[in-house]
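Novice: let me see the structure of the following:
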Amino acid sequence: EAAAVDPKKMTTQQKADAALAALAAVDENADEAEKVLTAWKKTLPPVPFARVWGYQAPEKWALFSGFFFALIAGAIMPVFAIVLTDVLAVFYEPDNAVLEEKS
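Specialist: So this is what the prediction gives:
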């Protein structure tokens, strides 16, 4: 059996290995697994959000073009509804003179 190591003296990798070993030892106990996972997450170093965004910098044009075309795709149905409403309003006009004027 290995000697207990002071958690304050453990490296991040050793803490992660210990947490994963504890997760593997948990058997069908969700509450215990959640506690172990939470403890493991506390061992991870904080990561600045700007650094995460920096990793996706090579794909920034794909991100922007995807955002732009998603806006277009999301606007198609509302625009279609407005146009179709105007078209149907013309056909429900009982007066032929007004119908010819609107067309």
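
Novice: for the helix ranked longest in the chain, packing partners?
Specialist: Assignment by DSSP state H gives helix 60-91 as the longest helix of the chain. Other helices and strands packing on helix 60-91, by 3 or more CB pairs under 8 Å, 6 or more residues apart in numbering; DSSP states H and E, are helix 96-102. Just so you know, the C-beta spots here come from the backbone N, C-alpha and C atoms, and that holds for glycine as well.

Novice: got the CA coordinates for the helix it packs on in PDB?
Specialist: The C-alpha trace of helix 96-102 is given here as PDB (Å, rounded to 0.1, in the frame of the first residue of the first chain):
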ATOM      1  CA  ASN A  96     -61.900  44.400 -57.800                       C
ATOM      2  CA  ALA A  97     -60.800  48.000 -58.200                       C
ATOM      3  CA  VAL A  98     -58.900  47.900 -55.000                       C
ATOM      4  CA  LEU A  99     -57.500  44.400 -56.000                       C
ATOM      5  CA  GLU A 100     -56.100  45.900 -59.200                       C
ATOM      6  CA  GLU A 101     -54.700  48.900 -57.400                       C
ATOM      7  CA  LYS A 102     -52.800  46.700 -54.900                       C
END
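
Novice: give me the distance between that helix and the centre of its chain.
Specialist: 51 Å (CA atoms, centre = their mean, to the nearest Å).

Novice: I'd like the numbering to begin with 36 instead of 1 from here.
Specialist: With the count now opening at 36, the last piece we talked about shows up as helix 131-137.

Novice: pLDDT (mean, whole number) over the longest helix of the chain?
Specialist: Across helix 95-126, pLDDT averages out at 92.

Novice: swap in stretch 73-89?
Specialist: 87.

Novice: how about it: buried residues?
Specialist: 75, 78 (16 or more other CB atoms under 10 Å).

Novice: for stretch 86-94, which outside residues touch it?
Specialist: With contacts defined as CB atoms under 8 Å, 6 or more residues apart in numbering, stretch 86-94 is touched by Leu98.

Novice: run the last query once more with 10 Å
Specialist: Around stretch 86-94, the neighbours that count as contacts under CB atoms under 10 Å, 6 or more residues apart in numbering are 83, 95, 97-98, 101.
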